[in-house]
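Colleague: Could you look at this predicted model? Sequence included:
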Amino acid sequence: MKKSFIYGVAVEGNNFTDREKETRRLKQDFENGQNVILISPRRMGKTSLVRKVQTLVNKDIVTVYMDIYDCRNEYEFYNKFAAELLKQTAGKTEAVMKNIKEFLVRLSPTISFGPDPNNEFSLSLGITPKNYSPEEILQLPERMAEKMGKHIVVCIDEFQQIGEFPDSLKVQKKMRGIWQLQSNASYCLFGSKKHLLANLFQSKKMPFYQFGDILFLQPIPTEDWIPFIHQKFEEKGMNISDTIIEKICATVQSQSSYVQQLAWNVMLNTTKKADESALETAIEDLLNQNSLLFLQQIESLTAYQMNFLKAVAKGVHTDFTSKEVLASYDLGSKSNVSRIKTVLTQKELIEKTPNGIVLTDPVFELWFAKEWCK
């Protein structure tokens, strides 16, 4: 079944819209062996962009994608890292086993098959400090690329998890020290927690500082969403005006996943032509769909932290330590404000912009203002 709008997962094909400039830049980086770091807020389509570029690079480039969100320590990462390299550069199980015998001969791997043995299988390697050192695993892309006569680009999603590993700084130093010397392999590193990624790659104290080309992914412009959403409605025999599309984008600040979700909600509330009533109902549906998640995000917040969010939601973006703001929103002392900012930033509820502190999630902002700022 063909879906009109896709959100919450990586999109591809006709559901991928615009990003022509970023696609061209990332493709050039991949094909020229340049390390890349993608940084943006959530729901901007980083994974979709990387997946798109994977389909466009020339035949001398082999791309490997892995999501390390579930990796909690160094050797869980090495197992995922090696397994995905072996699987995605080989394809069929016979070729995977051949690669293991050539590159990781000291292992006794376990392969589990899905419904289609030729295409669906999982690989458990059992890499431990006893059989392989970190350096040997981190050199694997370079060794495999040399053997294949190609260039390997390793794309690592949720890379901020590295910062959560025990002895993380030591792990990062190992990675940087080995990866920066490789000429036949390069890396595209990205994830969903902007402030953690910024700390890994933009702090001069961190090993990955200036590791590669940093791309800041911006929202897709409204003018590019207009033809995309028009087409989706026309495919269903419906109409939607430019004005309604512009309001969809403005409501969610053009965050890609939310644009698609809200547009889908509008479509569900439309018979022939989308109108203001359909948009209003769609927004209410969007808030209801996310309300449980938002409640979970604030349930552990202190009264001071909630008051800070209320201040931001009501338009306060700077001067939080002024007497007026401290008193009006009951934020406690000036030093307390600093602690509040730190906690809320770590929870991805706020972020610092050139115009001051803002709420990170536009739909959370709508919901919070409605439920807590009456």
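Modeller: Yes, it's here.
Colleague: what secondary structure does the residue nearest to Gln88 when sequence neighbours are not counted sit in?
Modeller: Excluding the flanking residues, the one nearest Gln88 by Cβ to Cβ, 6 or more residues apart in numbering is Val64, at 4.5 Å. Heads up, the C-betas are built off the backbone N, CA and C, glycines and all. Assigned with DSSP: H, G, I helix; E, B strand; the rest coil, Val64 falls in the strand class.
Colleague: who's in contact with the helix or strand hosting Phe308?
Modeller: Assessed by DSSP states H and E, Phe308 sits inside helix 303-313. In this structure, residues lying in contact with helix 303-313 by Cβ atoms under 8 Å, 6 or more residues apart in numbering are 298, 301, 320, 325, 328-332, 336-337, 340-341, 343-344, 349-350, 357-359, 365, 368-369, 372-373.
Colleague: Using PDB, write down the CA coordinates of stretch 273-293.
Modeller: Output of stretch 273-293 as PDB, limited to C-alpha atoms (Å, rounded to 0.1, in the frame of the first residue of the first chain):
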ATOM      1  CA  LYS A 273     -10.600  20.400  -0.300                       C
ATOM      2  CA  ALA A 274      -8.600  21.100   2.900                       C
ATOM      3  CA  ASP A 275      -9.900  24.100   4.800                       C
ATOM      4  CA  GLU A 276      -9.200  25.900   8.100                       C
ATOM      5  CA  SER A 277     -11.500  23.500  10.000                       C
ATOM      6  CA  ALA A 278      -9.500  20.500   8.800                       C
ATOM      7  CA  LEU A 279      -6.300  22.200   9.800                       C
ATOM      8  CA  GLU A 280      -7.600  23.000  13.300                       C
ATOM      9  CA  THR A 281      -8.800  19.400  13.900                       C
ATOM     10  CA  ALA A 282      -5.500  18.100  12.500                       C
ATOM     11  CA  ILE A 283      -3.500  20.200  15.000                       C
ATOM     12  CA  GLU A 284      -5.600  19.000  17.800                       C
ATOM     13  CA  ASP A 285      -5.100  15.400  16.700                       C
ATOM     14  CA  LEU A 286      -1.300  16.100  16.500                       C
ATOM     15  CA  LEU A 287      -1.300  17.300  20.100                       C
ATOM     16  CA  ASN A 288      -3.300  14.300  21.300                       C
ATOM     17  CA  GLN A 289      -1.100  11.900  19.400                       C
ATOM     18  CA  ASN A 290       2.000  13.200  21.200                       C
ATOM     19  CA  SER A 291       0.500  14.100  24.600                       C
ATOM     20  CA  LEU A 292       1.600  10.900  26.400                       C
ATOM     21  CA  LEU A 293       5.200  11.300  25.200                       C
END
